[in-house]
Every structure is written in structure tokens, then in C-alpha cells.
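Student: Only the shape, not the letters, is given here:
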């Protein structure tokens, strides 16, 4: 988590990725949504924003705040999540004697793990566990250019950034309090074009990902069944992997993509078990994100990974009050921004 500025006003969450931008304001005491909205964005143009800088993000932010809000988002003070796939986070252990030179140990880990020169990264770290002989350290690294370009666009849109963090951290914040997230937990966040995978064990311990998402499943079904993408999407969200006359064909269509996700999930599990767990066992797998709206996906992960798996539904903690709520099949897309909007000033500035 990168802390930036502080003003004594409520925060609003701003989730920025390559396919959509979402915003949400929540009353942290009542857990009441005051306003929210989303706008689809062009992936190629967002990549240009991240890598080179461009006015596109500023224009989309203004369009979102002016035209796409249900309710009210009155504050200009934002907490931001960026795509986990564009960041690097993992935990590692070092001897307790290395604490005096911990920055050097972190930089060594970054140089071995991150395919970008450290001079081009913002790097942060925190000791998250101590034993008699070792320290467990969580490090995060993010390209400086991407952060600077996003912050420039946010400032130009009249907003003030307070925190920047990977989107999976925002998801974890919500799951910790709503889905027995105090247990060692695997999070599988299936977005439109990418899937982020992480271990939540008190904090995020390791992340991974793959370029498979909910849109991939739709394309798979359309190609296999020879139907238009609109029809393929309906088959995905209405039938999915549940028993029925088309179950076999739909499962056959999406299974190669699901296997890419479970393969990466196993890699994350191995890293956690071999380098971090200290004998702890992962207790559950929670599926979130827009791509989690395929019926039967929880049972698929349970059977394939031999781990209790389910689609997370943390909305028992978040109340939309009198506001028009997102449709059931769209609600999962707001989990990340709800986690951001739940961040309190005390958590940021403790």
C-alpha cells in the first residue's frame, strides 16, 4: 500500500483496470453504499495510459463521475486499486539477523523475482511475522511510470489520491470480514480478461495470475457451440457448468481455460506451502470477480483442486439502502471497489 496525501474527508474507492473503471462511496460506520458507478474502457487505450501516459483516463474519469453514478459520491479524496497483474507482491523469509540490512534483502528478492530494473519501480515492504530465528517479509513492487501516469490523470480530473494498492489487496480487505477470511484462504479473482490468484493468510502472502477471464469463457462457448457471443454469454451465466442438456458441451468448451486457472492456482499453492506456510493448511478457496458468475464454477474448483471452494458473496456486510442495486450477475464486479471504499482513515494512517 502506497500512502500519498491526507485530507480530513471521507474516502471513495476507485478501481482502475484495463476493461472498466468503478467507483464507490460507503459510509464506513453504517456500511451503507452512498453511491457507485462503472464505465467500460478500451483496453488498448488503457495500456497506453499505463505505459506512456495519455489523456484517455482523465476523460473516462470525468465521464464516469458526471454521467454514470447511482446515488452520490461527494468526496474528491480517492483510494485507488491498480491491476494486480501489473504489480508484484510476495512474502519471503529471512534470518532474524538480516533485519539490520532488510532493505538489501528486499532489493535482492525484487531483482530475482521482478522482470523490471529496481530503479524503475516503487518498492515497499513490511515485516508480517516474527519467529525465534526468522522474519517473514511481504514486499510489493509496481512500475513507477504506471503509478505516475495514473496519478497525473487523477489529479487532472480534480481528484486527490491517498492510497494506491493492488486490486487483490482490496478484495482481501472485504473477504477478511465477510467470508471467514481469517482462515488461510486462496482468492481467485476472475476478471473480464485476466485472473488474479492470491493467498490470504492474515495479509496477502503471494500472488499469481493468468490471461484467462470471463470473456475467455464466453468466447470458448461461442466457438464450441457455434453461437453468437450474446447467446454464449447467456449460456454461461444461466446454464454454466450446472447439470442440464448442454452441460457436457459447455464444460468441454471452457475446461481448457479453467485448467489454465487451476494450473496457476497449484503453482501459487506450492510456493505458499514450500516457502511461507509454516505448517498451516489452506482452508478454503473463494472465487470473486465478474467471471465468477458461471453457475457450477465453485463445484468445479472443489473437485479439481480437492479444496472447499465457493463463489464469495460479501454483500451481507454492504447495504445498498434505497439505492438501485446492481443486477445479481453484475454484483460481483463491485467487490474490489467495495473493499477500497471500506478503507477507513484509521487504517490508512495508523
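Tutor: Structure received. As the structure is a prediction and not an experimental result, all values here were calculated from the model.
Student: bridging residues for the closest residue to residue 12 other than its chain neighbours?
Tutor: Residue nearest to residue 12 in three dimensions, not counting chain neighbours: residue 25, with 4.5 Å by Cβ to Cβ, 6 or more residues apart in numbering. For every residue, glycine as well, the C-beta is placed using N, CA and C. Counting by DSSP bridges, residue 25 is bridged to residue 35.
Student: For residue 25, report the pLDDT, please.
Tutor: pLDDT, residue 25: 95.
Student: For it, list the residues it contacts.
Tutor: Residue 25 sits next to 10, 12-13, 33-36, 71-75, 341 when contact means Cβ atoms under 8 Å, 6 or more residues apart in numbering.
Student: Residue 66 - how many residues pack around it?
Tutor: When neighbours are defined as other Cβ atoms under 10 Å, residue 66 has 9 of them.
Student: Confirm that it lies within a helix, as I assumed.
Tutor: Yes: under DSSP: H, G, I helix; E, B strand; the rest coil, residue 66 sits within a helix.
Student: Can you tell me how far it is from residue 14?
Tutor: Separation of residue 66 from residue 14 (Cβ to Cβ, to the nearest Å) stands at 15 Å.
Student: Quick check: the nearest residue to residue 238 once chain neighbours are set aside vs residue 239, distance?
Tutor: In space, and not counting its chain neighbours, residue 238 is closest to residue 295: 7.6 Å by Cβ to Cβ, 6+ apart. According to Cβ to Cβ, residue 295 stands 7 Å off from residue 239.
Student: Same question for residue 36.
Tutor: Relative to residue 239, and taking Cβ to Cβ, residue 36 is found at 29 Å.
Student: quick one, which of the two is more surrounded?
Tutor: Higher neighbour count among residue 36 and residue 239: residue 36, with 27 against 19, using other Cβ under 10 Å.
Student: nearest residue to the more buried one other than its sequence neighbours?
Tutor: Spatially, and ignoring its direct neighbours in sequence, residue 36 is nearest to residue 24 (4.2 Å; Cβ to Cβ, 6+ apart).
Student: So the one you found is in contact with residue 339, correct?
Tutor: No: counting by Cβ atoms under 8 Å, residue 24 stays clear of residue 339, with 9.4 Å between them.
Student: Looking at the two, which has the bigger crowd around it?
Tutor: Set side by side, residue 24 and residue 339 show more neighbours around residue 339, with 31 against 27, by other Cβ under 10 Å.
Student: SS state for that one?
Tutor: Applying three-state DSSP: residue 339 is helix.
Student: How much space separates it from residue 55?
Tutor: According to Cβ to Cβ, residue 339 and residue 55 sit 28 Å apart.
Student: In this structure, where's the longest helix?
Tutor: As assigned by DSSP state H, the longest helix anywhere in the chain is helix 247-275.
Student: Show me what that one is packed up against.
Tutor: With contacts defined as 3 or more Cβ pairs under 8 Å, 6 or more residues apart in numbering; DSSP states H and E, helix 247-275 has these neighbours: strand 88-95, strand 185-190, strand 195-201, strand 203-210, helix 214-225, helix 297-305.
Student: redo that, cut-off 10 Å
Tutor: Where contact means 3 or more Cβ pairs under 10 Å, 6 or more residues apart in numbering; DSSP states H and E, helix 247-275 is packed against strand 88-95, strand 185-190, strand 195-201, strand 203-210, helix 214-225, strand 284-288, helix 297-305.
Student: And this structure, what are its domain boundaries?
Tutor: If you go by automatic domain parsing, the domain ranges for the chain are 2-84+144-178+314-349, 88-142, 207-311.
Student: tell me how far the ends of stretch 229-240 are from each other?
Tutor: Start and end residues of stretch 229-240 are separated by 14 Å (Cα to Cα, to the nearest Å).
Student: Go through that stretch and flag the buried ones.
Tutor: Across stretch 229-240, burial judged by 16 or more other Cβ atoms under 10 Å covers 232, 233, 235, 236, 237, 239, 240.
Student: average model confidence for it?
Tutor: What stretch 229-240 shows for mean pLDDT is 94.
Student: So, low pLDDT: which residues of the stretch 251-350 of the chain?
Tutor: Across the stretch 251-350 of the chain, the ranges flagged by pLDDT under 70 are 346-350.
Student: Report the contact partners of the residue lying closest to residue 157 once chain neighbours are set aside.
Tutor: Excluding the flanking residues, the one nearest residue 157 by Cβ to Cβ, 6+ apart is residue 61, at 4.1 Å. By Cβ atoms under 10 Å, 6 or more residues apart in numbering, residue 61 lies in contact with 14, 16, 21, 23, 39, 41, 78, 153-154, 156-159.
Student: repeat that with 7 Å
Tutor: 21, 153, 154, 157 (Cβ atoms under 7 Å, 6 or more residues apart in numbering).
Student: List just the nearest of those to residue 127.
Tutor: Comparing the contacts of residue 61 against residue 127 with Cβ to Cβ places residue 154 closest, at 30.5 Å.
Student: My guess is that closest one contacts residue 161. True?
Tutor: Yes: using Cβ atoms under 7 Å, residue 154 is in contact with residue 161, at 5.3 Å.
Student: which residues are common contacts for these two?
Tutor: With Cβ under 7 Å, 6+ apart, residue 154 and residue 161 have common neighbours residue 78.
Student: which residues does residue 70 bridge with?
Tutor: With DSSP bridges as the rule, residue 70 is bridged to residue 36.
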